[in-house]
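> mind looking at a prediction? Sequence and model below.
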Amino acid sequence: MMAIVSPSLLAADFLHLEKDIEMINKSGADWLHLDIMDGMFVPNISFGFSVLDAIAKVLDKPMDVHYMTMRPEDYIERTAKLGAKSMNVHIEACGERLPDIIRRIHTAGMKAAVTISPDTPVEAVRPYINDVEMVLVMSVYPGFGGQKFIEATIGRIHALRNMISECGSKALIEVDGGVGASTAPRLVKAGCDALVSGSYIFKADNPIEVIDSLKQLTL
Ligand SMILES: O=C(CO)[C@@H](O)[C@H](O)COP(=O)(O)O
Ligand SMILES: [Fe+2]
């Protein structure tokens, strides 16, 4: 099976977003990854619904929305209205509200992904592993694109892959941060199903070729 590729729009040219969305539509990308930040959960602010609404009108690919916000549950219905495929919420932000948030994401018709930052033990997702469609593993500290990949992520992916098979879960594993030529093949080998990649794709001379090269990585 080919790797799922989800380019992260955070690294796009925000003055010419339409051009980048058209490139994504033409490319072999499976999803488009959209990073929402609130300046509280992470020390940065990205973009909000006015931008998401505009993108939804021209995008042909499913939206993979990554909420780096303290209260992602306040935006479940609006995210579903956009037509988003999945909503990724951080376990560190949701705490004991997580089971209810997962239920509400499902009721709104979306897939739910539980997301873990680099310092959160993989074991923290075990209670939810049979309730979510995906686990998003951060391989950088959330908040900014273009950071260096944290090597310990490879071992975390192995551990998560084992947990998923032990529990008979169907959850996909997605990884986000510093994914590029030297890290992607090792991540896929360790058990990742889906690769989020921002700078490596959008800063390339030929992003469509880069997306294809990531897709060629077989699971
Ligand atoms: O969620 C985030 C950052 O918080 C990511 O989605 C980044 O946007 C990935 O960018 P690169 O590390 O691939 O440049
Ligand atoms: Fe992200």
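Alright, I've got the coordinates. Ligands and ions are numbered 1, 2, ... in the order given.
> what residues does the chain put near ligand 2?
Residues of the chain lying close to ligand 2 by CB under 5 Å from the ion are 35, 66, 176. The way it works is simple: take the backbone N, C-alpha and C, and place the C-beta from them, glycine included.
> could you rerun that using 6 Å?
Contacts of the chain with ligand 2, taken as CB under 6 Å from the ion, map to 8, 33, 35, 66, 176, 196.
> elements contacting whichever strand or helix holds the second one?
In this case it means residue 33. Assigned by DSSP states H and E, residue 33 belongs to strand 32-37. Applying 3 or more CB pairs under 8 Å, 6 or more residues apart in numbering; DSSP states H and E, one finds that strand 32-37 contacts strand 4-7, helix 49-58, strand 63-68.
> those: which one's closest to ligand 1?
strand 63-68 (5.3 Å; CB to the nearest ligand atom).
> any idea of the mean pLDDT for the helix or strand just after that closest one?
Where DSSP H and E defines the elements, the next helix or strand beyond strand 63-68 is helix 76-82. For helix 76-82, mean pLDDT rounds to 98.
> can you list the weak-confidence ranges in the chain?
219 (pLDDT under 70).
> what residues does it have near ligand 1?
By the rule CB under 6 Å from any ligand atom, the part of the chain lying against ligand 1 is 8, 10-11, 33, 35, 66, 68, 140, 142-147, 176-179, 196-200.
> quick one, what contacts the closest residue to ligand 1 within the chain?
Residue of the chain nearest ligand 1, by CB to the nearest ligand atom: residue 198 (2.9 Å). Residue 198 is in contact with 7, 8, 9, 10, 11, 33, 145, 146, counting by CB atoms under 8 Å, 6 or more residues apart in numbering.
> rebuild the helices and strands packed on strand 32-37 as JSON lines, extending it with mean neighbour count.
JSON lines is the format used below for those (neighbours: other CB atoms under 10 Å):
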{"stretch": "strand 4-7", "mean neighbour count": "26"}
{"stretch": "helix 49-58", "mean neighbour count": "14"}
{"stretch": "strand 63-68", "mean neighbour count": "26"}
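> ok, and the most crowded of the contacts of residue 198?
residue 7 (29 neighbours; other CB atoms under 10 Å).
> in this structure it contacts residue 29, no?
Yes. Assessed by CB atoms under 8 Å, residue 7 is found in contact with residue 29 at 5.2 Å.
> what residues are shared contacts of these two?
With CB under 8 Å, 6+ apart as the test, residue 7 and residue 29 both reach residue 211.
> rebuild the helices and strands packed on strand 32-37 as TSV, extending it with distance to residue 75.
Output for the helices and strands packed on strand 32-37, formatted as TSV (distance: least, CB to CB, whole Å):
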stretch	distance to residue 75
strand 4-7	19
helix 49-58	8
strand 63-68	7
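> so the nearest residue to residue 187 once chain neighbours are set aside: helix, strand or coil?
Excluding the flanking residues, the one nearest residue 187 by CB to CB, 6 or more residues apart in numbering is residue 175, at 5.3 Å. Three-state call for residue 175 (DSSP: H, G, I helix; E, B strand; the rest coil): strand.
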